[in-house]
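In: pasting the sequence and the predicted model now:
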Amino acid sequence: MTTRKTSSTLLAASCVALVAALPAQAQNAYLAGVHKHHIITSTVPDNGDLNPYAMVVAPASFGAVQANDLLVDNFNNKGNLQGMGTTIVDYHPATGNLTTFATIPGNLPGCPGGVGLTTAMAVLKSGYVIVGSAPSTDGTTGTLGRGCLIVLDSAGKVVSTIAGPDIADPWGNMAWIDNGDTATLFVSNAGFGIGAAGQPVQNTATVLRIGLSIPAGGAPVVTSKTVIASGLSAQADASVFLIGPTGLALGKDGTLYVSDAINNQVVSIADAATRTDSAGTGTVVTKDGLLNRPLAMTFAPNGNLLVVNGLNGQVVEIDPAAGKQLGAQWIDTDEAQTPAGSGDLFGIVANPAGAGFYYVEDDMNTVVLAQ
C-alpha cells in the first residue's frame, strides 16, 4: 500500500469561491447554500492511472480504510487509455493522505476482456468492495470486453468475480442496500450490442438487481439476479468511451432513480428492491431543461437529487417528488472545453454529516469538496 500526501501546490489552490450559479436557485434548493469548492486531493496513484470515476464514502472501518474515507477508482491507465485503469485509491480526510487501496491485475480470470474500472462501485459494511469493469485493450470500444463485477476483500485483494449473460460492462454508479449479512446491488449494464464508435444508439442497456449473501468470515455469494429495467439507451463514443445510464440513486421509498444520459432525462423505477419484472425504460421524472447529458447522481441531505452534466460543468438539483428542476450551479468552469467544464465531471457523492458533497474533476484528476 502506498501513501501520497496532498501537495502544497494543490492545497494552495484548494479554496476557490463559487464562480456561477445558473439560474437563480429556488429558496428550498440545497445548492443555494453551497458557496465554496475546495480541491482536497489528487486521485493519481503511484502507477499513474488517470480519469477518476466512481466515488464512495466508506460506511465503516476495515483494513486500512477508516469510516468516512473516500474511495475513488480510475478508468484510464497512465497512458490515458480508457477502459484500462486498475486502481482504487483511498483518501483519508483525517490526515489528507491518499493511499492505494487496490491494484487489480489487468488480465483477471473470470472478467471477460480484462479490467477497466467504471463508476459502478459499492463499499459494504462487511469490508467487501465490489467494483465494475468495462475493459478495453487499446482504449477504444473496438476492443470492448463484456467485463464483470470484481469482489475485493478488506485488504483490496480480489476474492471473486460476478459475470454471466446478464452482465455486460457494468457502467453506472451503483446503488445498494446493505444489511450486513445480506446486500442488494443495483447496477446498470451498458455494453449489450455495443461495438466501435459511430454505431447507432442501442436500446439494450439494463438495470440489474443482484442479491448477495455474506456469510460470517466468507465472501459475498450471489443469491439472485433480476432485471428491473431494460431497453435503456447506450452508445459507443470516441471521446468518452460509452454513453449510457450512469447515475443510480435509491430513494427511501424504494424508488430507484436512473440518469438516462442519451435521452437527457432522469427516470424512476418503482419498487426497485421487490419487483419481480422489468419496468422497461421507467417513468420520466424530468427531461431536458438544465440537464445536459446527466451522468452521476446522488441525494442531497434535503432529499433532492444532485446530478452532474457531461456536456457542461454544471450540477443540477432536482426535486424528485415534484419532478422539478430547482436550479444548477456551475462547478467546473475550465474554459479549455466548450462549453466550459464539458467532459470534466463524473463522480459525485454526498459528504457524511451533511457537510456538502464530493465530486471529481476528470481533467485535473482531483477530488473537490463543495460546501
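Out: On my side now, so go ahead. Numbering: from 1, shown residues only.
In: run through this structure and note the low-pLDDT ranges.
Out: Within the chain, the segments meeting pLDDT under 70 span 1-27.
In: quick check: buried residues in the longest strand along it?
Out: Ranked by number of residues, the top strand in the chain under DSSP state E is strand 221-237. Buried positions in strand 221-237, judged by neighbour count with 16 or more other CB atoms under 10 Å: 226, 228-230, 232-237. Where you see a C-beta, it was placed from the backbone N, CA and C, and this is true even at glycine.
In: mind giving me the packing neighbours of that strand?
Out: Here strand 221-237 touches strand 182-189, strand 202-213, strand 241-243, strand 245-250, strand 256-260, strand 265-269, going by 3 or more CB pairs under 8 Å, 6 or more residues apart in numbering; DSSP states H and E.
In: chain center to that strand, what's the gap?
Out: 15 Å (CA atoms, centre = their mean, to the nearest Å).
In: still on that earlier bit, pull the most distant pair out of the buried residues of strand 221-237.
Out: Thr226 and Asp237 (28.9 Å; CB to CB).
In: coming back round to it: strands paired with the longest strand of the chain, and their directions?
Out: strand 202-213 (antiparallel), strand 241-243 (antiparallel) (DSSP bridges).
In: could you report the separation of the closest residue in space to Asp90 that isn't next to it in sequence from Ala58?
Out: Closest residue in space to Asp90, ignoring its immediate chain neighbours: Phe101 at 4.3 Å, by CB to CB, 6 or more residues apart in numbering. Going from Phe101 to Ala58 by CB to CB, to the nearest Å gives 10 Å.
In: shared neighbours of those two, anything?
Out: Listed as contacting both Phe101 and Ala58 by CB atoms under 8 Å, 6 or more residues apart in numbering are 65, 71, 90.
In: what strand or helix carries the last one?
Out: Yep, that's Asp90 we're talking about. Under the criterion of DSSP states H and E, Asp90 resides in strand 87-92.
In: what's Gly33 sitting at in phi/psi?
Out: Dihedral pair for Gly33: phi -100, psi 0, per degrees, to the nearest 10.
In: next, count neighbours for it.
Out: 11 (other CB atoms under 10 Å).
In: again with Pro301
Out: 13.
In: now the phi/psi pair for Ala32, please.
Out: The phi/psi pair for Ala32 (degrees, to the nearest 10) reads phi -60, psi -20.
In: I figured it was touching Asn302, is that so?
Out: No - using CB atoms under 8 Å, Ala32 is not in contact with Asn302, being 10.4 Å away.
In: those two: which is more packed in?
Out: Ranked by neighbour count (other CB under 10 Å), Ala32 and Asn302 place Ala32 first, with 16 against 13.
In: and that one, how far from Ile167?
Out: According to CB to CB, Ala32 and Ile167 sit 40 Å apart.
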